[in-house]
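Enquirer: predicted model follows, preceded by the sequence.
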Amino acid sequence: MAERIEDYGLIGDTQSAALVSRNGAIDWLCLPRFDSGALFAALLGTREHGRWSIHPHGDVRATRRRYRPSSLVLETEFETEHGVARVTDFMPVRERVPDVVRLVEGVRGRVDLSLELRIRFDYGSITPFIRAVEDGFVALAGPDALSFRTPVECAVDGGTITCDFSVTDGDALPFVLTWFPSHERIPEPIDPRRALTETDAWWREWCGACDYEGPWRDAVERSLITLKALTYGPTGGIVAAPTTSLPEQLGGVRNWDYRYCWVRDATFTLDALLSAGFTAEARAWRDWLLRAVAGDPEDFQLMYGPAGERRLPEVELEWLPGYERSSPVRIGNAASRQLQLDVYGELMDALHQSRRAGIDAEPEAWDLQCALLDWLESGWRQPDCGIWEMRGEPRHFTHSKVMAWVAFDRAVEAVERFGLDGPVERWQRAAREVHAEVCEKGYDDVRNTFVQSYGSPLLDASLLMIPLVGFLPATDARVAGTVDAIQRELSHDGLLLRYREGSGVDVLPPGEGAFLPCSFWLADNLALLGRHDEARTLFERLLGVCNDVGLIAEEFDPTLGRLLGNFPQALTHVALVNTAYNLSERPCDSETAAAEE
């Protein structure tokens, strides 16, 4: 059986990322900058598909792990009957090639350990040739190469490097793995101990900019560190997750590649970064958006690669059985070619928030926005695939129309508030038309709730965005009715499903966990409705879904008590940060009552 998703911790260097399991194995190493795929793919296959394990001999009495404070340096301690050993894992923030450093220290007594480095390139499909060099080993095949350096004597058998070693009090043995293009010279070695000091200091200095002082400081800071780790440093793009094909249902087919940047996440991410004081990161993300979407409005996509790549063809990797036999394993994402109208609103809102925060854009940015709006003036009437990227027939999704309204609304405000030039009367008229149509066709007046799509009886948790984007105020009876209906019909043990499946909306079979970002949106809505204690209770419940080192995925199965989906998930961490700020700014019901007395 595979490690549970929540058993993994994240390390990264703002260009690459790896997942380290509680038992001391790195089962996934992703290099988004290069077309190298995953270098360790045991997460989606078997040990034969590549992993790097360091584990004590015999029975382990206890395993403890933690991140160093305000850092992405991960420490795991193994206690055996003979002593305690600590494995410190990190990736130095870099300018060129990525290093993965593992430092094994003796804490108490003597601990005997084994190392197995099973190297496989191209998602576990290629076994490299390994040769010994003066200070270690080099593995290469095709465009990829790895150097492995350690003072510990190792042996090679095929595509696997192994060794047995021991540590006692005060010992510190480094192991350094470095990727580089196979046609280049082996990179110069780094000093592992110096790299540890510098990496830890880099993260602590970065965290010093965080100005959140509310009751959930640790959770907010860990989420912001995770977002920084998911940022591709050279461009500012933030990937949705560092993994692909971790399932939304164990054993199911809802397995997608999330190693891309979604325009939809733009506003949420900017809000989180700006609220926490990370203006430079917000500006870099805004600039990535502008570069990625530049061009003909007809070519506008809902997602791009971390450097703005547009061709993201979806391919199935038949040699990988998938996480807990959840297949197929997919790389690329065919949804990138879908029409999803909501992303126009997300882009306009993100750039609007940037202007409000004083982040000036180049004049060409407004020209781009106007071009996109020219298309949207007629395009908003089309059916689309919706926020959840349905693979069935396009529909008139209510959320998509609401976000089209957001696009026109923010454009009008850009003219009226910031003095930009545009056909404001046309945009006002379009906003009124969209608003009226949504209120007429997207609302069920018998049940007093908005619905997933025009003429449908189904509910959808994305409707919680209606008051959050200002389409209607929370005080509107239709909003309160929608929140109540969603709580009543989409609740799964107190958390929210995106929608009820098996209704012909999607061609995929039903079955997935509670969708955690929507559950955070519900907490935001409850706060807007004045139900502050209920909002805080839900928020605390969601914090409890995070794993022991503060990471969270896209979905959660309350029945199994397990995280589901790609991990860690940027949108969920963004929602956590935004909700923490929203609830920190509002008193709970008991505090309000006491103040009134």
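Expert: Structure received.
Enquirer: what are the ranges of the strands in the stretch 451-597 of the chain?
Expert: Ranges of strands in the stretch 451-597 of the chain, per DSSP state E, counting those that start in this stretch, are 491-492, 495-496, 514-515, 555-557, 562-564.
Enquirer: domains in the chain, by residue range?
Expert: If you go by automatic domain parsing, the domain ranges for the chain are 5-206, 209-589.
Enquirer: would you mark the buried spots in whichever strand or helix holds Arg417?
Expert: Arg417 is part of helix 398-418 when elements are defined by DSSP states H and E. For helix 398-418, the neighbour count (16 or more other CB atoms under 10 Å) marks 398-415 as buried. The C-beta positions use only the backbone N, C-alpha and C, and glycine is treated the same way.
Enquirer: follow-up on the earlier one: dump the domains of the chain into TSV; add mean pLDDT as well.
Expert: Output for the domains of the chain, formatted as TSV (pLDDT from 0 to 100):
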stretch	mean pLDDT
domain 5-206	94
domain 209-589	93
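Enquirer: for Leu10, pull up the helix or strand it's in.
Expert: Element membership for Leu10, per DSSP H and E: strand 8-12.
Enquirer: also Arg286?
Expert: Judged by DSSP H and E, Arg286 forms part of helix 279-293.
Enquirer: residues contacting the next helix or strand after that helix, please?
Expert: Per DSSP H and E, the first helix or strand lying C-terminal to helix 279-293 is strand 303-304. Strand 303-304 is touched from outside by 237, 240, 260-263, 292-293, 310, 312, 333, 335-336, with contacts defined as CB atoms under 8 Å, 6 or more residues apart in numbering.
Enquirer: ok, 7 Å please
Expert: With contact meaning CB atoms under 7 Å, 6 or more residues apart in numbering, strand 303-304 is reached by Tyr260, Cys261, Trp262, Val263, Ala292, Arg310, Asn333, Ser336.
Enquirer: export these to CSV and append columns for neighbour count and secondary structure.
Expert: Below are those laid out as CSV (neighbours: other CB atoms under 10 Å; DSSP: H, G, I helix; E, B strand; the rest coil):
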residue, neighbour count, secondary structure
Tyr260, 24, coil
Cys261, 31, strand
Trp262, 25, strand
Val263, 21, helix
Ala292, 23, helix
Arg310, 14, coil
Asn333, 22, coil
Ser336, 22, helix
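Enquirer: can you put the residues you listed in TSV and add distance to Arg149?
Expert: Putting the contacts of strand 303-304 into TSV (distance: CB to CB, whole Å) gives the following:
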residue	distance to Arg149
Tyr260	33
Cys261	33
Trp262	38
Val263	41
Ala292	37
Arg310	38
Asn333	36
Ser336	39
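Enquirer: okay, the closest residue to His435 other than its chain neighbours and Cys439: tell me how far apart.
Expert: Of all residues not flanking His435 in the chain, Trp405 sits nearest, at 5.4 Å (CB to CB, 6 or more residues apart in numbering). Using CB to CB, to the nearest Å, one gets 10 Å for the distance from Trp405 to Cys439.
Enquirer: can you check Glu425 too?
Expert: Glu425 is 21 Å from Cys439, by CB to CB.
Enquirer: cool, Pro394 as well?
Expert: Going from Pro394 to Cys439 by CB to CB gives 22 Å.
Enquirer: cool, and Arg185?
Expert: Counting by CB to CB, the gap from Arg185 to Cys439 is 65 Å.
Enquirer: and for Arg66?
Expert: Distance from Arg66 to Cys439, counting by CB to CB: 50 Å.
Enquirer: Ser400 now?
Expert: 15 Å.
Enquirer: over to Ala219?
Expert: In this view, Ala219 and Cys439 are 37 Å apart by CB to CB.
Enquirer: the more surrounded of Arg185 and Cys439?
Expert: Set Arg185 next to Cys439 and count neighbours by other CB atoms under 10 Å: Cys439 wins out with 15 against 7.
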